[in-house]
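>>> This is a predicted model, with the sequence first.
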Number of protein chains: 2
Amino acid sequence: MLNSDSVDRVFHALGDATRRAIVERLSRGALSVSELARPLDITLAAVVQHLQVLEESGIVQTEKVGRVRSCQLQPDGLRVAESWLADRRGLWERRFDRLGQLLEEAEPPPGPSRRRKDKP
Amino acid sequence: MLNSDSVDRVFHALGDATRRAIVERLSRGALSVSELARPLDITLAAVVQHLQVLEESGIVQTEKVGRVRSCQLQPDGLRVAESWLADRRGLWERRFDRLGQLLEEAEPPPGPSRRRKDKP
DNA sequence: CCAATACTCAAGCCGCGACTTGACAATCAC
DNA sequence: GTGATTGTCAAGTCGCGGCTTGAGTATTGG
């Protein structure tokens, strides 16, 4: 849904560059934790912590089979952010329409200049 | 554009709940700094700091006329985030297609046609 | 069994970011 | 002019978030 709590978790998760890098890799396909950790020069434990944030926000889904945890994107998580952004832009554009209407109402379209009022 | 630096600034800006609240109000229309500050129970100075972050990320544009600074949304800033999200989901969906192709390759479907031919 | 792999957990360090305070500047209203 | 409004700046506090370390637990392969 769009309750402000999940919006908060999603945007907070995406606010970190390392987590966005993880999302980018996962958007190419599922990966294990150590595969995710390999190109990042941080500890495996740090990667796990990032994954917890991503999972609690609903962006990533993980499943442990044997001793390896497989991670994959859950696009519904990202869709929370997409909807929030779309809503903001929607309101902004509607506002422009209303502004246009107001301007048309208040000021009739500019005809020949009536700046000087000569007394005939 | 989509260089990782502006993506970073935009998502970092949106990672804070107060800043998102500001963006929500501004998507209804332009407001002054003190109007923005009124419903938020933080100092005016704190609001100004949030606005600096939002402005440097390109999400908000401000202009000072007289003693009042008027703030309005600049939707191109949000579009940076929207494109990043759309790209991620695009790749994820393309991945599903390729997976389907692989499955079809490995296991010839009972249907008539094959999408890809084997290496000669 | 033994060793290596692939995590997991708890604790602690530390810098950055959100926020306040207080003093100051510029503009408006009378 | 005086005083109120509106914002700006610099400095400092403080908690949270990202990261490491180190020890521990399953799981796999030979």
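Ah, there it is.
>>> For the residue nearest to the spatial centre of chain A, which non-adjacent residue is spatially closest?
For chain A, the residue whose C-alpha lies nearest the mean C-alpha position (Cα atoms, centre = their mean) is residue A:81; its distance is 3.6 Å. Counting by Cβ to Cβ, 6 or more residues apart in numbering or on different chains, residue A:81 lies nearest to residue A:10, which is 5.1 Å off, once chain neighbours are set aside. Yep, even glycine has a C-beta here, placed from its N, CA and C like the rest.
>>> and if you look at residue A:64?
The shortest distance from residue A:64 to any non-neighbouring residue, by Cβ to Cβ, 6+ apart, is to residue A:70 (7.6 Å).
>>> Test my guess that that neighbour contacts residue A:26.
No: under the criterion of Cβ atoms under 8 Å, residue A:70 is not in contact with residue A:26, lying 10.4 Å apart.
>>> Neighbour count: those two, which is higher?
A count of neighbours by other Cβ atoms under 10 Å in any protein chain shown puts residue A:26 above the other of residue A:70 and residue A:26, at 24 against 15.
>>> before we move on, back to that, quick one: contacts for the residue nearest to residue A:81?
Contacts for residue A:10 were tallied using Cβ atoms under 8 Å, 6 or more residues apart in numbering or on different chains; they are A:57, A:58, A:59, A:77, A:78, A:80, A:81.
>>> Select from those the one having the most neighbours.
Going through the contacts of residue A:10 with other Cβ under 10 Å as the criterion, the one with the most neighbours is residue A:59, at 27 neighbours.
>>> That one and DNA strand C: what is the separation?
Plainly put, residue A:59 is 16 Å away from DNA strand C if you go by Cβ to the nearest atom of the strand, to the nearest Å.
>>> For that residue, which non-adjacent residue is spatially closest?
With sequence-adjacent residues excluded and distances taken as Cβ to Cβ, 6+ apart, residue A:59 is closest to residue A:77, at 3.5 Å.
>>> What separation do you get for the residue of chain A found nearest chain B and residue A:57?
Chain A approaches chain B most closely through residue A:15 (2.6 Å), counting by Cβ to the nearest Cβ. Residue A:15 sits 11 Å away from residue A:57, taking Cβ to Cβ, to the nearest Å as the criterion.
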